[in-house]
Structures are given as structure tokens and as C-alpha cells.
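*Asks:* got a predicted structure plus its sequence, pasted below:
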Amino acid sequence: MDAAELVARFSAAVDGQGEYSHKAAVAIINEIKEDLDEVAGAMSYLTGSGGNALQAFYRSENLSLLKVRFPNGRRTPPHDHGSWAAILMLSGSERNSVYKRNDDGSLTYERSVDLEPGSVFFMPAGAVHVAECTSDDPAIGLHVYGGNVLGVERKMWDPDTLKEQELDWSKYEDLARRASAADGAPLA
Ligand SMILES: [Fe+2]
């Protein structure tokens, strides 16, 4: 398996599926999770940390594929994705804390889910989460999104004040640094 095969399988699955594209993508994730080492190998050429342009190996209007790598101690600020999102954990472990966005932009904490290699975690469009590495080794996963995740309007929340703002990559790292310095995910 190589990255081109992953791209081909996911794009063939979601194309033309419209509002059901998430089901098609999750079906592919459930097929490839039987070969975690193969999936990790296909993305091994992707370097760097975080979930940004360096880790994206495919983006289109209806699909993005990223290898996301969070080192120990890394926690994201609360954010959304502008589309549905699905994670296949490949190595390490990661805690996802999920929030409901209220009409006024405030957040209500809902639950936390711990992911291990082989775990599949799905978030519908509009879901807000915090992801954090909970292992000594980096938490590495294949992240699949139902849109151009680095090109659509998204929201992020200040981890200290929980104030909603546009996701702006030039400001994101400051929020991530403060989120990582905290004892846990906000409100959790
Ligand atoms: Fe995310």
C-alpha cells in the first residue's frame, strides 16, 4: 500500500456520495484498519508534527487526508473542522474530548474518548474537540475529513477564556502552546 492507493480508495468511495460521504469513508477506514502497519508505512514519508499542510497528502472540496502526529505533551485548543472528521489511530494513544457548540459560541463539555492503535473515532460536521497525546511515544493517526480541511472556514476556542474565534493558523500555535501547558482539556 502507498499513499496514492489510500487517496484512490478514499476518493473513489466518497465521490458522488454527497451527505453520505462519511459512511463511505468510515467503511474504507474499517477495511484498512486490519493492516495498520501497511497504512503507517504508506504515510511514513510524511514528516513533522501537528496536523497542518506538511501532513496533508490529499485535499479536495470533499476530502482531505492527513497524517497527524502529536508528540507527548501536545494538546490542541478546542477546534472544529468545517466538515465531518474521522481518525484511525496508528500508534501511540490519544484522548479526544468532545464539546457541543452552543448558539452563542460557548462550549459545553460532553465526553472524552481514549484512542489506541486500531481505534476509529468519528465526529459529525459541527463537532468541536480537543486532541491530546497520552502516550510517551507520539500519537500518530490517519485523519480523514469531508472537505478541504485547510481551506475552509473553521473555528477555534481560546483554551483559557473559551472565547470563539476564526481558526487562524498564525494564531493557532499560541493557543496550542497554552492548551498544552494546562492540566487537562478545558471543562473536562
Ligand atoms: Fe481536530
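*Replies:* It's in. Numbering: from 1, shown residues only.
*Asks:* tell me the contacts of N62?
*Replies:* V14, D15, S21, G146, G147 (CB atoms under 8 Å, 6 or more residues apart in numbering). Where you see a C-beta, it was placed from the backbone N, CA and C, and this is true even at glycine.
*Asks:* if we go to 7 Å?
*Replies:* Neighbouring residues of N62 by CB atoms under 7 Å, 6 or more residues apart in numbering: V14, S21, G146, G147.
*Asks:* same question for the host helix or strand of D174, mean pLDDT?
*Replies:* Here D174, judged by DSSP states H and E, is contained in helix 169-181. Model confidence over helix 169-181, given as mean pLDDT, is 95.
*Asks:* quick check: buried residues in stretch 50-68?
*Replies:* 50-51, 55-59, 62-68 (16 or more other CB atoms under 10 Å).
*Asks:* can you give me the end-to-end distance of that stretch?
*Replies:* 6 Å (CA to CA, to the nearest Å).
*Asks:* so how far is it off the chain centroid?
*Replies:* Remark: stretch 50-68 is offset 10 Å from the chain centroid, using CA atoms, centre = their mean, to the nearest Å.
*Asks:* centre-most residue in this protein?
*Replies:* When CA atoms, centre = their mean is applied to the chain, the residue found nearest the centroid is H143 (5.1 Å).
*Asks:* just the element for that one, please.
*Replies:* Per DSSP H and E: strand 139-145 holds H143.
*Asks:* then P117?
*Replies:* With DSSP H and E as criterion, P117 is part of no helix or strand.
*Asks:* make sure G73 is actually in contact with A182.
*Replies:* No - using CB atoms under 7 Å, G73 is not in contact with A182, being 11.1 Å away.
*Asks:* could you check which of those two has the larger neighbour count?
*Replies:* A182 (14 against 10; other CB atoms under 10 Å).
*Asks:* did I read that right, N72 in a helix?
*Replies:* No - counting by DSSP: H, G, I helix; E, B strand; the rest coil, one finds N72 to be coil, located in no helix.
*Asks:* dump the buried residues of stretch 50-68 into TSV; add distance to W157, secondary structure and pLDDT as well.
*Replies:* TSV is the format used below for the buried residues of stretch 50-68 (distance: CB to CB, whole Å; DSSP: H, G, I helix; E, B strand; the rest coil; pLDDT from 0 to 100):
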residue	distance to W157	secondary structure	pLDDT
G50	17	strand	73
G51	16	coil	68
Q55	22	helix	90
A56	23	strand	93
F57	28	strand	94
Y58	27	strand	96
R59	24	strand	96
N62	26	coil	95
L63	26	coil	97
S64	21	strand	97
L65	25	strand	97
L66	21	strand	96
K67	25	strand	95
V68	19	strand	95
